[in-house]
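K.L.:
structure, please.
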Amino acid sequence: MAGISPVMLSAYSRAAANVRTLRPKCKGTRWSVIAGIGKIESNHAAGRNIAANGNISPRILGVRLNGSGAGGNTSSCSDTDHGRIDGDTAYDRAVGPMQFLPSTWNGPSGQDGNNDGVKDPHNAFDAALGTAVCLCGTRATDLSRTGQLRKAVYRYNRSEAYVDDVTGHIAEYDRLPATGNSTGTATGRAGAVVNAALAQRGTPYVWGGGSTTGPAKGGYDCSDLMLYAFYQGAGITLPRTSRQMRHSGTRVPRSDIQAGDLIVINNDGNWGHVGLYAGNNTMIHAPRPGKTVETSPTSGYWEQYGWDVRRVL
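P.N.:
Numbering: from 1, shown residues only. Down below sits the predicted model:
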């Protein structure tokens, strides 16, 4: 989407959801806000290899902050991390996809966004969550308000030109549809849920894998993918199994299906499969062992099995 790799998009979406726990006074955080920073700082780590766990190689290192004027740097910033983060024992460098200074990362901004026990600014999930924490600050903040959003971005980089560039990209991303439905495009919470699921395409099917925060054991099963997408996109915690999801939200007729609706499928006599309607007669789901998360035509399932459509949003 918009030149953003699936892993980076997942990192932005997950950070926007998880920062609510770390900064409960902060409102209005969404993937597009974090992506606006990522666009300016590294073009979403373009040209790098981004592993499924968020590790980026080769590492992204900014210019040496020795006051030479290279890269626009005019202030000297002596080494603060003994080269541990940036590999430079004389001067600091901004690092990672969100370009954190070592001194900033070693403060409250340093976060473990992929739950591996390591706070690494070179990791997409860690860096994205660190950015969300930094933007939220410690006071009550509403990033859906233009004035407060601009102040938050200014704290990240004290340049009005930088603020203009970042907020311009945020506005651009906010306007992006997730996918088409029969009558238009999915936007708002439905679009965010669909985007979160789309970002997981190619992730292996793993029985009992996944949760609200991402894949576990290397992947997702069908219901865990829905847990992840609805939590990341809309902050909604669904019940654990597809059978339980059959009672979530409100039942709607197939003729009224919209992007963002759950599709619970009676493929085994026990309502054992679930997917997310993505519009244009397609759904996103984790089909079965040996497959990966994919977007499939609904027609094959529609004709073969019984369906319930549940509107949660």
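K.L.:
give the contact list for residue 281.
P.N.:
297, 298, 299 (C-beta atoms under 8 Å, 6 or more residues apart in numbering). (Each C-beta comes from the backbone N, C-alpha and C, glycine too.)
K.L.:
lowest-confidence entry in the residues you listed?
P.N.:
pLDDT is lowest at residue 299 among these; the value there is 75.
K.L.:
just to revisit the earlier point, from the contacts of residue 281, which land in strands?
P.N.:
residue 297 (DSSP state E).
K.L.:
dump the contacts of residue 281 to TSV, plus distance to residue 52 and neighbour count.
P.N.:
Output for those, formatted as TSV (distance: C-beta to C-beta, whole Å; neighbours: other C-beta atoms under 10 Å):
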residue	distance to residue 52	neighbour count
297	26	11
298	27	20
299	30	10
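K.L.:
now the contacts of residue 281 in a markdown table, with distance to residue 268?
P.N.:
Shown next, in a markdown table, are those (distance: C-beta to C-beta, whole Å):
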| residue | distance to residue 268 |
| --- | --- |
| 297 | 20 |
| 298 | 18 |
| 299 | 20 |
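K.L.:
now, which of the contacts of residue 281 sits nearest residue 247?
P.N.:
residue 298 (21.2 Å; C-beta to C-beta).
K.L.:
what residues are up against that closest one?
P.N.:
Counted by C-beta under 8 Å, 6+ apart, residue 298 has contacts 263, 277, 281, 282, 283.
K.L.:
at 6 Å what do you get?
P.N.:
By C-beta atoms under 6 Å, 6 or more residues apart in numbering, residue 298 lies in contact with 281, 283.
K.L.:
mind checking how far it is from residue 245?
P.N.:
The gap separating residue 298 from residue 245 is 17 Å, by C-beta to C-beta, to the nearest Å.
K.L.:
so residue 49 is in contact with residue 56, correct?
P.N.:
No: counting by C-beta atoms under 6 Å, residue 49 stays clear of residue 56, with 7.1 Å between them.
K.L.:
more neighbours, the two?
P.N.:
residue 56 (22 against 11; other C-beta atoms under 10 Å).
K.L.:
next, give phi and psi for that one.
P.N.:
Backbone torsions for residue 56, taken as degrees, to the nearest 10, come to phi -110, psi 130.
K.L.:
so which strand or helix has the closest residue to residue 174 other than its chain neighbours?
P.N.:
In this structure, residue 174 finds its nearest non-sequential neighbour in residue 32, 5.0 Å apart by C-beta to C-beta, 6 or more residues apart in numbering. Counting by DSSP states H and E, the element that carries residue 32 is helix 31-42.
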